[in-house]
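J.: generate a structure from the sequence data that follows.
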Amino acid sequence: MSIHFQGFLVKMQDLQKVAVKVSIVTLIVNAALVIFKTLAGVFGNSYALISDAIHSASDVFSTVIVLIGVKIAAKKADKNHPFGHERFECVAALLLAVVLFATGAGVGYSGVNNIVTGEYKNFEVPGIIAVVAAAVSIVVKEGMFWYTYSSAKKVNSSALKADAWHHRSDSLSSIGSLVGVVGGLCGVKILDSIACIVICIFILVAAVQIFIDAIKKMTDEACDEKTEKEIKEFISGFDGVVKLDSLMTRMFGNRIYVIAEIACDADLPLIEAHAIAEAVHNGIEEHFPLVKHITIHVNPFNGEEEVNKDLTS
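T.: Numbering: from 1, shown residues only. Here you go, the predicted structure:
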């Protein structure tokens, strides 16, 4: 006996609504920062700040990727994708991870190249406006990171998490700009290039983590142990369930698929066994919002085998 559930369109609509809201805020903030940092870089004689403004402009591309990925992921199941389109959200996260990695590599290359060639010695002494602009950028982009990251956690979105880390990379880039500007004012111009190399490492690590997380969600990896244990305990404690024979979970995008075999009294009428399976199904759906699809199979229990409710097995 199997029961399947695919009616979780509302959850995906929530994801799309949150993603659109966050993306609009991101576009507005980035546009303002690009203009502000470009003007401050030009009038403040800061090449690092102008480069930072270009970095902020690249965030617009990332935001567009998020919107496209989430929009496709929210589409209803169709003939060619009967299980839905959630994995397209992971595709968006992969693309963002690549963009983030390229950004980090670019920052690192710039720092190393300036040190090797001695180009940092030719940097002009920046103005105070460059210091103010870099400081403002750090505060704003760090605020955008936490805003986007908290929204991503609410809807368990890999793409939004990746976009959040893009904000963090921009914040780190601005820290590099600030260090460079202050270093220039103090006569230690090499600090700009050294900061770029350190920032590069942080960005590359974040990009790799995002990439690995997206890959895991696309290769049918089981859900986390804590959630799986909670599902086992929930099913085993259900009235009418004599024992839990087996439980398998897998990640489908940012959602969980559950396949469980439960044992019920062999003498129960079919309609009662079905009712127990349906109750278990509905209970999982209600208590575990990340679960998208549930299959419950009922095995007859005749009392000859020992009841084993050891959840650690």
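J.: use CA for all of it now, contacts and neighbours both
T.: Will do.
J.: which SSE is A31 in?
T.: According to DSSP states H and E, A31 maps onto helix 9-43.
J.: name the helices or strands packed onto the helix or strand just after that helix?
T.: Per DSSP H and E, the first helix or strand lying C-terminal to helix 9-43 is helix 47-73. Using 3 or more C-alpha pairs under 8 Å, 6 or more residues apart in numbering; DSSP states H and E, the elements in contact with helix 47-73 are helix 9-43, helix 87-117, helix 158-185.
J.: for helix 47-73, what is the distance to the chain centroid?
T.: 15 Å (C-alpha atoms, centre = their mean, to the nearest Å).
J.: tell me the angle it makes with helix 87-117.
T.: 170 degrees (axes from the mean of the first three to the mean of the last three C-alpha atoms, to 10 degrees).
J.: helix or strand for I259, which one?
T.: Applying DSSP H and E, one finds I259 within strand 255-265.
J.: swap in K216?
T.: With DSSP H and E as criterion, K216 is part of helix 190-218.
J.: buried residues, that helix. List them.
T.: Using 16 or more other C-alpha atoms under 10 Å as the test for burial, helix 190-218 gives 190-201, 203-204, 206-208, 210-211, 214-218.
J.: again with stretch 57-68
T.: A57, S58, D59, V60, S62, T63, I65, V66, L67.
J.: adding pLDDT and distance to L95, write those residues out as JSON lines.
T.: As requested, the buried residues of stretch 57-68 are exported to JSON lines (pLDDT from 0 to 100; distance: C-alpha to C-alpha, whole Å):
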{"residue": "A57", "pLDDT": "72", "distance to L95": "17"}
{"residue": "S58", "pLDDT": "68", "distance to L95": "13"}
{"residue": "D59", "pLDDT": "71", "distance to L95": "13"}
{"residue": "V60", "pLDDT": "73", "distance to L95": "14"}
{"residue": "S62", "pLDDT": "72", "distance to L95": "9"}
{"residue": "T63", "pLDDT": "75", "distance to L95": "11"}
{"residue": "I65", "pLDDT": "76", "distance to L95": "8"}
{"residue": "V66", "pLDDT": "74", "distance to L95": "9"}
{"residue": "L67", "pLDDT": "75", "distance to L95": "12"}
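J.: for these, which one is nearest L39?
T.: Nearest to L39 among the buried residues of stretch 57-68 is A57, at 13.8 Å by C-alpha to C-alpha.
J.: before we move on, back to that, now the buried residues of stretch 57-68 in CSV, with distance to I294?
T.: Converted to CSV, the buried residues of stretch 57-68 look like this (distance: C-alpha to C-alpha, whole Å):
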residue, distance to I294
A57, 43
S58, 40
D59, 38
V60, 38
S62, 34
T63, 33
I65, 30
V66, 28
L67, 28
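J.: next, the contact list for the residue nearest the centre of the chain, please.
T.: Nearest residue to the geometric centre of the chain (C-alpha atoms, centre = their mean): S158, 2.5 Å. The contact partners of S158, taken as C-alpha atoms under 8 Å, 6 or more residues apart in numbering, are E89, C90, A93, A152, I210, D213, A214, N254.
J.: closest to I138 out of those residues?
T.: A152 (20.8 Å).
J.: checking my notes, that closest one in a helix, right?
T.: Yes - residue state for A152 (DSSP: H, G, I helix; E, B strand; the rest coil) corresponds to a helix.
J.: tally of neighbours for it?
T.: 22 (other C-alpha atoms under 10 Å).
J.: for E89, see how far away it is.
T.: 12 Å (C-alpha to C-alpha, to the nearest Å).
J.: D267 now?
T.: Counting by C-alpha to C-alpha, the gap from D267 to E89 is 46 Å.
J.: so those two - more neighbours on which side?
T.: Using other C-alpha under 10 Å, the more surrounded residue of D267 and E89 is E89, with 28 against 10.
J.: what's the distance between that one and K17?
T.: For E89, the distance to K17 - C-alpha to C-alpha - is 14 Å.
J.: how much space between the closest residue in space to V60 that isn't next to it in sequence and V66?
T.: Leaving aside its chain neighbours, V60 sits nearest to L27 (6.2 Å; criterion: C-alpha to C-alpha, 6 or more residues apart in numbering). Distance, L27 to V66, by C-alpha to C-alpha: 12 Å.
J.: does W165 really touch A206, like I thought?
T.: Yes - between W165 and A206 there is a contact at 7.0 Å, judged by C-alpha atoms under 8 Å.
J.: spit out the contact partners of the nearest residue to S157 once chain neighbours are set aside.
T.: Distances taken as C-alpha to C-alpha, 6+ apart place N254 nearest to S157, at 6.6 Å, with adjacent residues excluded. N254 makes contact with E86, R87, C90, N156, S157, S158, K217, L290, according to C-alpha under 8 Å, 6+ apart.
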